[in-house]
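In: Here's a sequence, model it:
(chains A, B, C and D)
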Number of protein chains: 2
Amino acid sequence: MHAQVVPLSVPALREACSQCNLRELCLPVGLSENELDQLDQLVHLRKKIHRGQHLYRGGDAFEAIYAIKTGFFKTDVLLEDGREQVTGFQMAGEILGMDGIGSEKHTCNAVALEDSEVCVIPFTELEEYSREISALQHHFHKVMSREIVRDHGVMMLLGIMRAEERLAAFLLNLSQRFTARGYSPTEFNLRMTRNEIGSYLGLKLETVSRAFSRFQEEGLITVHQKHIQIRDAAGLKKLLSDRRV
Amino acid sequence: MHAQVVPLSVPALREACSQCNLRELCLPVGLSENELDQLDQLVHLRKKIHRGQHLYRGGDAFEAIYAIKTGFFKTDVLLEDGREQVTGFQMAGEILGMDGIGSEKHTCNAVALEDSEVCVIPFTELEEYSREISALQHHFHKVMSREIVRDHGVMMLLGIMRAEERLAAFLLNLSQRFTARGYSPTEFNLRMTRNEIGSYLGLKLETVSRAFSRFQEEGLITVHQKHIQIRDAAGLKKLLSDRRV
DNA sequence: GATCCACGTTGACACAGATCAAAGCCCCCA
DNA sequence: TGGGGGCTTTGATCTGTGTCAACGTGGATC
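Out: Down below sits the predicted model:
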């Protein structure tokens, strides 16, 4: 029952939400045909972001949220002294920019880790449509809520897990999200550096690298640079539950 | 311009939002007189939670969000092995329960740390009213967004700060929130134990205790059990910016 | 006002992960 | 085809925080 990434049979120049192959993952979830047509009017602008470019920066005026059409992003917060906390990695179908609603300014940076394309969803208009389409309203609330729950998960990673647990949880999470997009659960390419993984997991890049090597020695995964193959998902999961008392 | 906690001049048995002394901090922010009257109809149930009791638990069906009228809460997530991650401490005027929207179940526990009272806001009705009252809709979005931004702040605490930085940030945050409620910025009682602070900050209780003692030695604060007096807020702030390169 | 008990403090020591350092690898580009 | 730079790996050592243990303290209860 998960969404498959299938090529559109008709070349859709105006690739609206109603035609989008991500509609089961993204904002259109649960909308009727009719409502989808309305959503098409809301999402009329698409934007290409090249690898390394910012979609927005902390301090930028907040005007829209963004649905990732293709590509891969990271969000991070920088401290004055240059230290970086990566707050998340986002892939196709996920929504970026909700951090800006509260203060009318973005509070973090969103950087493309590969050439990407996003759908621009002007926020004032989203609120207008939400008042008309209760399914859209409710789904948007769910998306925000899930972001809060995801953040709690990251707090658990950072607060109570040990280095190898964190990395195992990270790999399993990526695997699960790739699966939901119709990609292999066991084989994928990391889009981020060891340093970025470390920043996300509250570890130094050397620790991340060592944990990868350790997992490989133990036959849990195979790593070649950014290419990861999960050989023993159950073993990784066991790392998470088998924490010492 | 911050809200003062002033006693109501008229004893209001039916303490509606329109009369609430927290209306400048809570959900009613930015509503007109008229809209406030409507909100009064939405928020018709109040609930007392005694110290130590749960407002909700992870797994409970999600039906409502809660505005804290009086008191103090913690939210936490428990791992199978019994380890606890405190995800936040909430005080009067703050909203609890938004974690449950996404999955229709609560994903964390909310426990009263002192005798407390909350206003019950049935979520389906909140969405209905939001479709009518755009100021309410927008404000609710802001509240959720700020929760996300707050979570990012906790990630920074946990991901890149050292023990004393974390505790300094924690104290300054509490101080600022007490100030916004008309209490002293420099003197307050902690509602939570060292263990709970530690769980929130990703530290062990001994480390929290030692950091408190260290701050006291350095003249930054005075601690007697749960009573805290901030003697040098600037010094605490300096701890945050003066991180080593 | 004696007893109890949960919570807090402090010390000694251990260890996971950070830091420092040196190579190695891979991809990009001339 | 070769050089360079960014990223990764690995080793040696250091250190902040955890762990373990003992003791202190204050508020509740009878």
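In: Write down the beta-bridge partners of the residue lying closest to residue A:178 once chain neighbours are set aside, one by one.
Out: Computed as C-beta to C-beta, 6 or more residues apart in numbering or on different chains, the closest residue to residue A:178 that is not its neighbour in sequence is residue A:188, at 5.2 Å. Every residue, glycine included, has its C-beta placed from N, CA and C. Counting by DSSP bridges, residue A:188 forms beta bridges with residue A:228.
In: mind listing what residue A:188 touches?
Out: A:174-175, A:178, A:227-228 (C-beta atoms under 8 Å, 6 or more residues apart in numbering or on different chains).
In: Also residue A:236?
Out: A:168, A:171-172, A:215, A:220-221, A:230.
In: same thing with residue A:33?
Out: residue A:18.
In: Show me the domain layout of chain A.
Out: The record's domain split for chain A, according to automatic domain parsing, is A:4-133, A:161-244.
In: between those domains, which one is nearest to DNA strand D?
Out: Closest to DNA strand D of the domains of chain A is domain A:161-244 (C-beta to the nearest atom of the strand; 3.2 Å).
In: is DNA strand D contacted by the closest one?
Out: Yes - residues of domain A:161-244 are located near DNA strand D by C-beta under 7 Å from any atom of the strand, namely A:190, A:193-195, A:205-206, A:208-210, A:212-213, A:223, A:225-226.
In: which stretches of chain A form helices?
Out: A:33-42, A:123-132, A:134-160, A:163-180, A:194-201, A:205-217, A:233-241 (DSSP state H).
In: Output the last one in PDB with nothing but the alpha carbons.
Out: If I follow you right, that is helix A:233-241. These are the backbone C-alpha positions of helix A:233-241, laid out as PDB (Å, rounded to 0.1, in the frame of the first residue of the first chain):
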ATOM      1  CA  ALA A 233      18.300  -4.700   9.700                       C
ATOM      2  CA  ALA A 234      17.200  -6.900  12.600                       C
ATOM      3  CA  GLY A 235      20.700  -6.600  14.000                       C
ATOM      4  CA  LEU A 236      20.500  -2.800  13.800                       C
ATOM      5  CA  LYS A 237      17.100  -2.800  15.500                       C
ATOM      6  CA  LYS A 238      18.500  -5.000  18.200                       C
ATOM      7  CA  LEU A 239      21.100  -2.400  18.900                       C
ATOM      8  CA  LEU A 240      18.300  -0.100  19.800                       C
ATOM      9  CA  SER A 241      16.400  -2.300  22.200                       C
END
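In: what's the first-to-last distance across stretch A:158-165?
Out: 10 Å (C-alpha to C-alpha, to the nearest Å).
In: How about residues contacting it?
Out: Looking at what lies outside stretch A:158-165 - C-beta under 8 Å, 6+ apart - the contacts are A:157, A:166, A:169, A:201-203, A:207, A:211, A:214-215, A:239-240, A:243, B:79, B:83-85, B:155, B:158-159, B:199-202.
In: who's in contact with the residue nearest in space to the middle of chain A?
Out: Compute the mean C-alpha point of chain A, and by C-alpha atoms, centre = their mean the closest residue is residue A:90, 1.9 Å away. Going by C-beta under 8 Å, 6+ apart, residue A:90 touches A:68, A:72-75, A:96, A:110.
In: run the last query once more with 10 Å
Out: By C-beta atoms under 10 Å, 6 or more residues apart in numbering or on different chains, the contact list for residue A:90 reads A:55, A:66, A:68, A:71-75, A:96, A:110, A:112-113, A:116, A:118, A:177.
In: Would you write a PyMOL line that selects the buried entries of those?
Out: Buried residues within those, by 16 or more other C-beta atoms under 10 Å in any protein chain shown, are selected in PyMOL with:
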select buried, chain A and resi 55+66+68+71+72+73+74+75+96+110+112+113+116+118+177
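In: Tell me, how many residues neighbour residue A:31?
Out: Number of residues near residue A:31 (other C-beta atoms under 10 Å in any protein chain shown) recorded here: 19.
In: which residue sits closest to it, ignoring its sequence neighbours?
Out: Once flanking residues are discounted, residue A:31 sits nearest to residue A:135: 5.4 Å by C-beta to C-beta, 6+ apart.
In: Distance check, that neighbour against residue B:33.
Out: Distance, residue A:135 to residue B:33, by C-beta to C-beta, to the nearest Å: 32 Å.
In: picking that back up, the contacts of residue A:236 into a markdown table, with extra columns for pLDDT?
Out: Shown next, in a markdown table, are those (pLDDT from 0 to 100):
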| residue | pLDDT |
| --- | --- |
| A:168 | 97 |
| A:171 | 98 |
| A:172 | 97 |
| A:215 | 97 |
| A:220 | 97 |
| A:221 | 97 |
| A:230 | 97 |
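In: coming back round to it: which of the domains of chain A has the lowest mean pLDDT?
Out: Set side by side, the domains of chain A give their lowest mean pLDDT on domain A:4-133, at a mean of 89.
In: thinking again about what came up before, quick one: residues contacting the residue nearest to residue A:31.
Out: By C-beta under 10 Å, 6+ apart, residue A:135 lies in contact with A:28-32, A:35.
In: one step back: for the residue nearest to the centre of chain A, give the beta-bridge partners.
Out: Legend: beta-bridge partners of residue A:90 under DSSP bridges are residue A:73.
In: Next one: it relative to chain B, how far apart?
Out: Using C-beta to the nearest C-beta, to the nearest Å, residue A:90 is found at 13 Å from chain B.
In: How about residue A:225?
Out: For residue A:225 relative to chain B (C-beta to the nearest C-beta), the value is 25 Å.
In: Help me confirm that that residue comes into contact with residue A:189.
Out: Yes - Residue A:225 lies in contact with residue A:189 (C-beta atoms under 10 Å); the separation is 8.8 Å.
In: More neighbours: which of these two?
Out: Neighbours were counted for residue A:225 and for residue A:189 using other C-beta under 10 Å; residue A:189 has more, 12 against 8.
In: just checking, that one touches residue A:223?
Out: No - the criterion here is C-beta under 10 Å, and residue A:189 misses it with residue A:223 at 11.1 Å.
In: count of neighbours near the closest residue to residue A:59 other than its chain neighbours?
Out: Excluding its sequence neighbours, the residue lying closest to residue A:59 (C-beta to C-beta, 6+ apart) is residue A:105, at 5.8 Å. By other C-beta under 10 Å, the residues close to residue A:105 number 15.
In: ditto for residue A:30
Out: Neighbours of residue A:30 (other C-beta under 10 Å): 12.
In: Could you pull up the contacting residues of it?
Out: By C-beta under 10 Å, 6+ apart, the neighbours of residue A:30 are A:24, A:135-136, A:138-139, A:142.
In: Appreciated, that's everything.
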